[in-house]
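Asks: 3D, please:
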Amino acid sequence: EGREMHADVVTQHAVVIAGGGPTGLMLAAELALAQVDVAIVERRASQEVSGSRSRGLHARSLEVLDQRGVVERFTSQGQAVQNVAFGQAPLDLSDFPTRHNHGLALVQERFERILAEWVGELAVPIYRGCEVTGFAQDDTGVDVALSDGRALRAKYLVGCDGGRSLVRKAAGIGFPGWDASISYLIAEVEMTGAPEFGIRRDEKGTYAMGPAEGGRVGVVLREEQVNTGDAPTLDALREGLVALYGTDYGLRSATYLSRFTDMTRQAASYRDRRVLLAGDAAHVHSPMGGQGLNLGVQDAVNLGWKLAQVVRGVSPENLLDTYQAERHPVAARALRKTMAQTALSRGDARMDAVRETLTELLRMDGPRKQYAAMMSGLDVHYDLGTGHPLLGRRMPDLDLVTADGPRRVFHLLHTARPVLLDLGEPGTLDVTPWADRVQRVAARYTGEWELPALGAVTAPVAVLIRPDGHVAWVGEGTNQGLHEALARWFGPPRTA
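Replies: Down below sits the predicted model:
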């Protein structure tokens, strides 16, 4: 805001984030909540998003926003929907043990605007209208060059700069995977004719038309040949319509026209020393199943508190190794599932039979719950060793009774600090050497402990909850393993 910048002035930040899309914004919010000096570099001048992009949020993303106390900002602007499906089989979450037993229909532009507003309230500076053009890292930090000639210096640089990530390429991090097998045109158009709405399929893939805002028509067409090139033209869209429908329905203009493919790749590593990747920069795949935005938001929430602790000197740098260890398998699984859905979108008679079979299987309660929990992000289970089923899983948002009255678990996470929730005899668990970092809350809870897809689990006596809402330790009557868990996740004990 009016600050004079010169090439010989290097602006310092603890963390610089390349890219102010959903992942970059969420990561900035997490770091700001942890009192870390973070800045975003974003090439768009405003938060405008071209076209439809992501159509909404899955249940776990809503929970993650609820953990920070901001979910109502989003739910008030969108529509609660059952938006989970697998290979055209709808998967209902309405009987799941969560307050957010549904998804949210909310276009990406609106999602980003609300997120950006929150990030603004947290006073995160955004360098708009420019991008990261290169960087050099040394033992103490990263020098970051911007396209407008400015230079930044950071302790860490995080690439949230999308599938074609410059940060990933410049770091020399490989991006192995599978080339595109199909490409699609997606558009919002004006037509003078009367288009035939609905989904159609042939042996190559799926295509559809439906009503969009302002009398326009939403179009998704599979292309005859796989195209990976950028900006498609109106002529390409017209040819596609004629090839599949025999007419262009009096196509006049497109307010939005883009191409997507099912290219599927994942970064070989999420980190090279002081440079990290999150969101599409770390994994790309077909949009089928709506996993992209949700994976990115949860990458950010996993990385944010860890990076904050390392930057503040609370935890050793090797805490960052757990970011890749935890998030890489989650994205790898999502990539396989989107590949399966691409195959299922092809439409010869034999694939129809496969789809039919799958739909029958997914109508059964067990498979439905398992796949609904997976596609909605509610089943994520970080491998934190053996023990109670809560270990490594999301902490449910229970209604607790505390000395200060009723509290929801998620309310305890609003400040993004770890919580030791003590539900047993008061005073048996001592966290004094970590009292500056971990809030201890004594509470009572008498209800069921139930997890999506898993069902009822034994009530624990105490749980240690990480800032991302995952359980790091479960107490079953003793403090066995508690101090190890505290030191592993929240740094060494303070000695008086």
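Asks: buried stuff in the helix or strand harbouring residue 258?
Replies: Assigning secondary structure by DSSP states H and E places residue 258 in strand 251-261. Buried residues in strand 251-261, counting neighbours by 16 or more other CB atoms under 10 Å, are found at 251, 254, 256, 257, 258, 259, 260, 261. In this view, the C-beta of every residue, glycine as well, is placed from N, C-alpha and C.
Asks: export the residues you listed to TSV and tack on distance to residue 244?
Replies: TSV is the format used below for these (distance: CB to CB, whole Å):
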residue	distance to residue 244
251	13
254	16
256	19
257	16
258	18
259	16
260	17
261	18
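Asks: from those, pick the one nearest residue 351.
Replies: Of all the buried residues of strand 251-261, residue 351 sits closest to residue 261, with 19.5 Å by CB to CB.
Asks: hmm, residue 178 and that closest one touching each other?
Replies: No: using CB atoms under 8 Å, residue 261 is not in contact with residue 178; the gap is 10.4 Å.
Asks: tell me the helices and strands packed up against the helix or strand that the strand holding residue 258 is followed by.
Replies: Heading C-terminal from strand 251-261, the first helix or strand you meet, by DSSP H and E, is strand 264-266. Judged by 3 or more CB pairs under 8 Å, 6 or more residues apart in numbering; DSSP states H and E, the packing partners of strand 264-266 are strand 177-178, strand 283-284, helix 321-344.
Asks: of these, flag the one that's most buried.
Replies: Highest mean neighbour count of those: strand 283-284, a mean of 26 (counted as mean count of other CB atoms under 10 Å).
Asks: okay, now the sheet partners of that one, with direction.
Replies: Strand 283-284 has its sheet partners listed here by DSSP bridges as strand 264-266 (antiparallel).
Asks: now do the buried residues in the strand it pairs with.
Replies: Using 16+ other CB under 10 Å as the test for burial, strand 264-266 gives 264, 265, 266.
Asks: ok, and what's touching that strand?
Replies: Outside of strand 264-266, the residues within contact range by CB atoms under 8 Å, 6 or more residues apart in numbering are 163, 175-178, 282-286, 328, 331-332, 335, 338-339.
Asks: and those, which two are furthest apart?
Replies: Farthest apart among these by CB to CB are 286 and 328. That separation is 19.0 Å.
Asks: please name every helix or strand in contact with the strand holding residue 258.
Replies: If contacts are counted by 3+ CB pairs under 8 Å, 6+ apart, strand 251-261 sits against strand 183-191, helix 234-245.
Asks: and the first one, what does it pack onto?
Replies: This points to strand 183-191. strand 217-222, helix 234-245, strand 251-261.
Asks: nearest to residue 157, of these?
Replies: Taking CB to CB, strand 251-261 is the member of the helices and strands packed on strand 183-191 nearest to residue 157, at 27.7 Å.
Asks: picking that back up, got CSV for the helices and strands packed on strand 264-266, with distance to residue 23 and mean pLDDT too?
Replies: Formatted as CSV, the helices and strands packed on strand 264-266 follow (distance: least, CB to CB, whole Å; pLDDT from 0 to 100):
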stretch, distance to residue 23, mean pLDDT
strand 177-178, 19, 96
strand 283-284, 11, 95
helix 321-344, 11, 94
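Asks: mind putting those into JSON lines with distance to residue 210?
Replies: Formatted as JSON lines, the helices and strands packed on strand 264-266 follow (distance: least, CB to CB, whole Å):
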{"stretch": "strand 177-178", "distance to residue 210": "29"}
{"stretch": "strand 283-284", "distance to residue 210": "26"}
{"stretch": "helix 321-344", "distance to residue 210": "19"}
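Asks: for residue 146, give the beta-bridge partners.
Replies: With DSSP bridges as the criterion, residue 146 is bridged to residue 132.
Asks: quick check, it in contact with residue 130.
Replies: Yes: if you go by CB under 8 Å, residue 146 and residue 130 touch, sitting 4.8 Å apart.
Asks: so which of these two has more stuff around it?
Replies: residue 146 (20 against 15; other CB atoms under 10 Å).
Asks: circling back: most packed of the helices and strands packed on strand 251-261?
Replies: Using mean count of other CB under 10 Å, the stretch among the helices and strands packed on strand 251-261 with the largest mean neighbour count is strand 183-191, at a mean of 21.
Asks: next structured bit after that strand?
Replies: Next helix or strand after strand 183-191 toward the C-terminus (DSSP H and E): strand 198-202.
Asks: list the buried residues of that following strand.
Replies: For strand 198-202, by 16+ other CB under 10 Å, it's residue 201.
Asks: tell me the angle that strand makes with strand 217-222.
Replies: Relative orientation of strand 198-202 and strand 217-222, computed by axes from the mean of the first three to the mean of the last three CA atoms, to 10 degrees: 10 degrees.
Asks: partners of strand 198-202, with directions?
Replies: Short version: by DSSP bridges, strand 198-202 pairs with strand 205-211 (antiparallel).
Asks: give the residues shared as contacts by residue 146 and residue 130.
Replies: Here residue 146 and residue 130 share the contacting residues residue 41, scored by CB under 8 Å, 6+ apart.
Asks: burial of the residue lying closest to residue 202 once chain neighbours are set aside, as a residue count?
Replies: Closest residue in space to residue 202, ignoring its immediate chain neighbours: residue 347 at 5.2 Å, by CB to CB, 6 or more residues apart in numbering. The tally of other residues near residue 347 (other CB under 10 Å) stands at 19.
Asks: what do you get for the one 3 residues further on?
Replies: Using other CB under 10 Å, the number of residues around residue 350 comes to 10.
Asks: and the closest residue to residue 469 other than its chain neighbours, how many residues sit next to it?
Replies: Of all residues not flanking residue 469 in the chain, residue 67 sits nearest, at 5.0 Å (CB to CB, 6+ apart). Residues lying near residue 67 (other CB under 10 Å) number 25.
Asks: wait, doesn't residue 67 sit right on residue 412?
Replies: No: in this structure residue 67 lies outside contact range of residue 412 using CB under 8 Å: 9.1 Å.
Asks: report the contact partners of the residue nearest to residue 469.
Replies: Taking CB under 8 Å, 6+ apart, we find residue 67 in contact with 410, 413, 414, 468, 469.
Asks: how close does residue 94 sit to residue 387?
Replies: Residue 94 sits 31 Å away from residue 387, going by CB to CB, to the nearest Å.
Asks: okay, the two: which has more neighbours?
Replies: Neighbour count, other CB under 10 Å: between residue 94 and residue 387, residue 387 has more, with 13 against 8.
Asks: now name the helix or strand holding the closest residue to that one other than its chain neighbours.
Replies: Nearest non-adjacent residue to residue 387, counting by CB to CB, 6+ apart: residue 474, 6.1 Å away. Element membership of residue 474, judged by DSSP H and E, is strand 471-475.
Asks: helices and strands around the helix or strand that comes right after that strand, which ones?
Replies: Next in sequence after strand 471-475, counting helices and strands by DSSP H and E, comes helix 482-490. If you count contacts as 3+ CB pairs under 8 Å, 6+ apart, helix 482-490 packs onto strand 462-465, strand 471-475.
Asks: the shortest one pairs with which strands?
Replies: Paired neighbours of strand 462-465 in the sheet (DSSP bridges): strand 419-422 (antiparallel), strand 471-475 (antiparallel).
Asks: out of the helices and strands in this structure, which is least certain?
Replies: strand 198-202 (a mean of 85; mean pLDDT, DSSP states H and E).
Asks: now do that strand against helix 234-245, angle only.
Replies: For strand 198-202 against helix 234-245, the angle by the same axes, to 10 degrees is 80 degrees.
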